[in-house]
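Peer 1: missing the sequence, but the structure's below:
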């Protein structure tokens, strides 16, 4: 059984962003919700990068070096981080304080909204125990994938640099209220 959960598993685990982030917010969930716009080019899909990412995920799962893995499809990085905290066995938090690494790799023109909410393809959030850190980095590099150690799983706080500071509990409340609100309208 090589199944990897999509939720964070343990406080203190390292959070990695695998893959490159581009200035792509066209056709994104963020653009629709925040600006009421349903337009723009969808993010590019590079089939070679996607194949490399899938091989990385398959091999990492087989080697049992991931505690969790979550896609960055709808809502981008900030939404995926929040969803990773909603563990059925009990909420966990996240403290993300190294997005400067992603900014540097992406170049000076990376917009803040694209970093937090862009839906660039072929990216995944991975968490792993500190003892598996080197194995995750090596495996990503072996597949030619960008790998960024962006933070750690926390007990309950949810912090993204100086941009977002709340708790997993507060986010979960918003998340669970959103669907009934949507259905009612």
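Peer 2: Yep, it's here. This one's a predicted model, so the numbers in the text were calculated from it and none came from an experiment.

Peer 1: who touches residue 125 in this structure?
Peer 2: 15-18, 68-72, 77, 80-81, 84 (C-beta atoms under 8 Å, 6 or more residues apart in numbering). Every C-beta, even on glycine, is put in place using the N, C-alpha and C of the backbone.

Peer 1: then residue 130?
Peer 2: Residue 130 neighbours (C-beta under 8 Å, 6+ apart): 12, 13, 14.

Peer 1: how does it look with 6 Å?
Peer 2: By C-beta atoms under 6 Å, 6 or more residues apart in numbering, residue 130 lies in contact with residue 14.

Peer 1: next one, pLDDT for it please.
Peer 2: As predicted, residue 130 sits at a pLDDT of 98.

Peer 1: ok, it to residue 149 distance?
Peer 2: Noted for residue 130: a distance of 10 Å to residue 149, by C-beta to C-beta, to the nearest Å.

Peer 1: quick one: least confident helix or strand in the chain?
Peer 2: Lowest by mean pLDDT, DSSP states H and E among the helices and strands of the chain is helix 29-35, with a mean of 49.

Peer 1: narrow the contacts of residue 125 to those in helices?
Peer 2: Among the contacts of residue 125, DSSP state H puts 77, 80, 81, 84 in helices.

Peer 1: list the helices and strands the longest strand along the chain packs on?
Peer 2: Counting residues, the longest strand found in the chain (DSSP state E) is strand 147-154. Secondary-structure packing of strand 147-154 (3 or more C-beta pairs under 6 Å, 6 or more residues apart in numbering; DSSP states H and E): strand 14-18, strand 93-96.

Peer 1: those strands: which one's closest to residue 139?
Peer 2: Residue 139 lies closest to strand 14-18 among those, at 9.4 Å (C-beta to C-beta).
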